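> What follows is a predicted structure for the sequence shown.
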Amino acid sequence: MLHPRFRPRGLTCRRWLTGLSLGGAGYVGYFVAAAYAVRLAGAAIPPLVIGTMPVLLALIANWRDRSAPWGALAAPLALIAAGVAIVNISVIEAAGPEGRGVVLLGVLAASAALAIWIAYGLANAAVMRAADAPDGLHWTGVQGIGAAIGSMALLPLTSFSTQPLAGPDTVNFLVWAAVMGIAGSWIATFCWGIASARLPLALAAQLIVAETVFGLVYGFVYEARWPQTAEWVGATLQLIGVAVAVALFSRPGLSARGVGKAEA
């Protein structure tokens, strides 16, 4: 925010409170839940639990806005849901009886992250689709301030006093924190704000399946392995479901109706 273009201004107190809350809960709460999910359940399950978000958020959005006929949405949503279910069942079965308890705790943490993201998506879309929607850069800045304030609450839980202040591990940690903060939070927030303002939420929600696929890819790279058959099938079904949804919302009549309702 050193440059004036990025500094929030002209926002009401209510908008400030909303933006700060979204930044604190949507990022600090989400990332803490997602981090514990990965530690407990491994790299594959959390992206897929959170990957149900395109289905749930699209259902909620379409119930609220009626952007598309329910019959037309059934096919893409069913494909996405089937893909998520196939991978989750496969990973839980592979964990065996002795590891299922920890895996289920990880699923619970991922479910908490999912709930936070759904609430965030609905609230953020409501702000960005309002007649007096704030500037995208300013709204991103407000949420960044909220995330910073929320992060302060985590300082008593850190282990800085027991860790060396220099060394390769510390450098790696700081570099990854910066990359995730700039790309995964700031740029992603700005892009999601634009999507929320210009697309029916029932469609934008399904595009988030890309997060699931990228999360799986990063997880497989980290674990240095190829996806299993169920993981291949699950990810493919999700991508096909999103492609069907994009084709559905690309129909001129449907697109115009969804945008018209958003403007109304």
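Thanks, I have the structure now. Just so it is clear, the structure is predicted and the values come from calculations on it, not from any experiment.
> From here on, just use CA atoms for contacts and neighbour counts.
Noted.
> Spatially central, which residue of the chain would that be?
Trp117 (5.6 Å; Cα atoms, centre = their mean).
> That one: which element?
Assigned by DSSP states H and E, Trp117 belongs to helix 70-128.
> continuing past that helix, what's the next helix or strand?
Criterion used, DSSP H and E; the element after helix 70-128 is helix 136-152.
> So what's the gap between that following helix and the chain middle?
Offset of helix 136-152 from its chain centre (Cα atoms, centre = their mean, to the nearest Å): 16 Å.
> between it and helix 70-128, how many degrees?
80 degrees (axes from the mean of the first three to the mean of the last three Cα atoms, to 10 degrees).
> Return the set of buried residues in helix 136-152.
Residues 136-150 are the ones in helix 136-152 that count as buried (16 or more other Cα atoms under 10 Å).
> next one: stretch 117-133
In stretch 117-133, counting by 16+ other Cα under 10 Å, buried: Trp117, Ile118, Tyr120, Gly121, Leu122, Asn124, Ala125, Val127, Met128, Arg129.
> quick check, nearest of these to Gly215?
Closest approach to Gly215 among the buried residues of stretch 117-133 (Cα to Cα): Trp117, at 15.3 Å.
> circling back to that earlier point, can you lay out the buried residues of stretch 117-133 as TSV showing distance to Ala78 and pLDDT?
Listed next are these as TSV, based on distance: Cα to Cα, whole Å; pLDDT from 0 to 100:
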residue	distance to Ala78	pLDDT
Trp117	21	84
Ile118	19	86
Tyr120	23	87
Gly121	21	83
Leu122	21	86
Asn124	26	88
Ala125	24	85
Val127	29	90
Met128	28	88
Arg129	27	85
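> so can I have TSV of the residues you listed showing distance to Cys13?
Shown next, in TSV, are those (distance: Cα to Cα, whole Å):
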residue	distance to Cys13
Trp117	23
Ile118	24
Tyr120	19
Gly121	21
Leu122	20
Asn124	16
Ala125	18
Val127	14
Met128	16
Arg129	18
